Each structure stands twice: as structure tokens, then as C-alpha cells.
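Visitor: Please find the sequence and the predicted model below.
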Amino acid sequence: MIERGYCYPIDALFVFISIIYNNYTHNTYTSLEDYLIFIIKDNIKLRKDVTKNLLLILKNNVNNIKERLKYVCDELHENNIYYYKPNINKVRKFYNLKCIILFNYIIENKIVFPDYSQCIERDLLDKYKSYQNNGNNNYISSTNFIYTLMKENKPQIHKYNEYKKYVDNYLIEFNKKHYKFNAHNLRTFVWQIIKGFICIPLCEQITPQDISDKLKKMKEEETNKKIIQQNETFAKGKKHTLQQTPRNQLMIDSFFKKKVKLK
């Protein structure tokens, strides 16, 4: 039910969302057991095991699941049984907020990935430093503004809206090199990660259209690139190595291991 591609610790809430939104057009209150009967039709033993584990998660309130389920779907409690109904607006807001928080986290922790960052060449960096001395460069004002905003106790959505305005001119240092970010590419990267936690039917419904178009284009370009590389490899008889920006994998992992405080 959950789209493959990333391997981070899974919040129990993602599992429940995937079950409830397996059919996001479902418009009646339904128990978890009945949802699973519909999803796991043929394997009765598997269905019983999954139901038992889910009810145990609910009973033990893992990841504060009882309270948080109210934020992603409609809930009804009757005769000691919980019933749930999809609410597309609620779940869209939930995943949008997840993307906003991750977007902010990447900027504030200076996480460098080639998907959204570009290494600044020496001559351009020297020009930047020259402008810095004169105090009239966009990189300076943008970087200073972002650093100031990082220290402020502002809501995540407020920071996100401000970061989007300035991040294209945000210059950071990593491994003795300097990089600048691209806001649209960063937003695409964030959605690409969060999509790994969304069941496929729901993913198609709530992913912004511009992100879907960008990811589709990226997939086509990646396929074409692999074909070209394979042809070059066969022609030259050796492997072709691409120079890439370093991926700060440990830093991106920390986002999913550390609980981020919502404001």
C-alpha cells in the first residue's frame, strides 16, 4: 500500500492513513476491521494478524495515534468501536504541513543534495565576496535574512513563506565548498520524499500538479540519461562516472529520527 523508494522510520499514523485512504472516495464511517476486509480480501490469516497488530497500536496509543487520527480523517466512536471516514482536506493539510516542516528543516540545517543545490564556482564566489565587501549583493541580504529568521520563534508556515522568497539567493558552505539552493527544486525534492509515505491512490490525489509534472519530467530525463550512459559505456568499454554534489544523507535521516515540534 505504501509506495516504495525511501527507507526511514515509519510513523504509525502513515500506516493508518494508508488503510483509511486506500479508497479515498469512500464516504461512510467504517471500522478498521472492515477496511482491512476490503483491502486484504483473500488471506484471512494475514488479515487477522494485521488487524490484531493495528488494534494493539491503537490501544497502546503508539505515536499518540488516538489524538492525531482526528487531524487526518473524520472519526466516530460508538459502542466502544472507532469508525473512520476519509476527509481529503484534512489529509492534504497534514501532508502539506509535513512538506513545509521538512523544507524548513533542510534550509535551517544546511543539508546539501544535488537535487536542489548547485556548487558555486571559484570565479563567481570571488565576485560574491567582492560584492560582500561593498555590501550590495542579494546573496548577503538574503543569507542574513534567513539566518535571522532561523533564530526567531515563528510558526512553521510563516518561516516557509519567507524562506521561499529568499532561498534562491541563500549561500551556504559545506565541505569547504559553497552552494546555492533552488526553491522549486527543493520543494520538489521534499515532496518526492514525503510521497514515499503516502499510499498510491491518495498520492495521486493530493500531490500538487506542478510537482507531479516536474517528477514525471525528471523520471523521463533520468531514463534518457541512463540510456545515453549505457551507450557510452558500450562504446568506450568502460564505466562512465558522474560528478555529483555530495549527499548529506545523515542530516536528512535526522529529520525522521527526531521529533519536530509543530507550532
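Guide: Done, it's in. What you see is a predicted model, and the numbers here were worked out from it, not measured in a lab.
Visitor: Please identify the helix or strand for residue 228.
Guide: Here residue 228 sits within helix 209-236, counting by DSSP states H and E.
Visitor: Enumerate the positions of that helix that are buried.
Guide: Under the neighbour-count criterion of 16 or more other Cβ atoms under 10 Å, helix 209-236 has 211, 214, 215 buried. In this view, the C-beta of every residue, glycine as well, is placed from N, C-alpha and C.
Visitor: Show me the shaky parts of the stretch 51-200 of the chain.
Guide: Where the stretch 51-200 of the chain drops to pLDDT under 70, the residues are 123, 126-143.
Visitor: Does anything pack onto the helix holding residue 228? Which helices or strands?
Guide: Contact here means 3 or more Cβ pairs under 8 Å, 6 or more residues apart in numbering; DSSP states H and E; on that basis helix 209-236 packs against helix 183-194.
Visitor: Quick check: mean pLDDT of the helix holding residue 228?
Guide: The average pLDDT for helix 209-236 rounds to 84.
Visitor: now the angle from that helix to helix 183-194?
Guide: Calculated by axes from the mean of the first three to the mean of the last three Cα atoms, to 10 degrees, helix 209-236 forms an angle of 90 degrees with helix 183-194.
Visitor: gap between helix 209-236 and the chain center?
Guide: The chain centre lies 22 Å from the centre of helix 209-236; the measure is Cα atoms, centre = their mean, to the nearest Å.
Visitor: one step back: which one of the buried residues of helix 209-236 is nearest residue 107?
Guide: Distance to residue 107, by Cβ to Cβ, is smallest for residue 211 among the buried residues of helix 209-236, at 18.1 Å.
Visitor: The closest one and residue 189 touch, don't they?
Guide: No - in terms of Cβ atoms under 8 Å, residue 211 does not count as a neighbour of residue 189; the distance is 10.0 Å.
Visitor: Name the nearest residue to residue 62, ignoring sequence neighbours.
Guide: Spatial nearest neighbour of residue 62, excluding adjacent residues (Cβ to Cβ, 6 or more residues apart in numbering): residue 12 at 4.7 Å.
Visitor: List the residues that contact the one you found.
Guide: The neighbours of residue 12, taking Cβ atoms under 8 Å, 6 or more residues apart in numbering as the test, are 57, 62, 63, 65.
Visitor: Which ones among the residues you listed lie within helices?
Guide: Of the contacts of residue 12, the ones assigned to helices by DSSP state H are 57, 65.
Visitor: which of the contacts of residue 12 lies closest to residue 77?
Guide: Looking across these and measuring by Cβ to Cβ, the closest to residue 77 is residue 65, at 14.2 Å.
Visitor: list the contacts for the closest one?
Guide: Residue 65 sits next to 12, 13, 16, 57, 58 when contact means Cβ under 8 Å, 6+ apart.
Visitor: What ranges does the stretch 101-250 of the chain have for its helices?
Guide: Using DSSP state H, counting those that start in this stretch, the helices of the stretch 101-250 of the chain run over residues 122-134, 138-151, 156-166, 183-194, 200-206, 209-236, 249-257.
Visitor: deepest of these, which one?
Guide: helix 183-194 (a mean of 20; mean count of other Cβ atoms under 10 Å).
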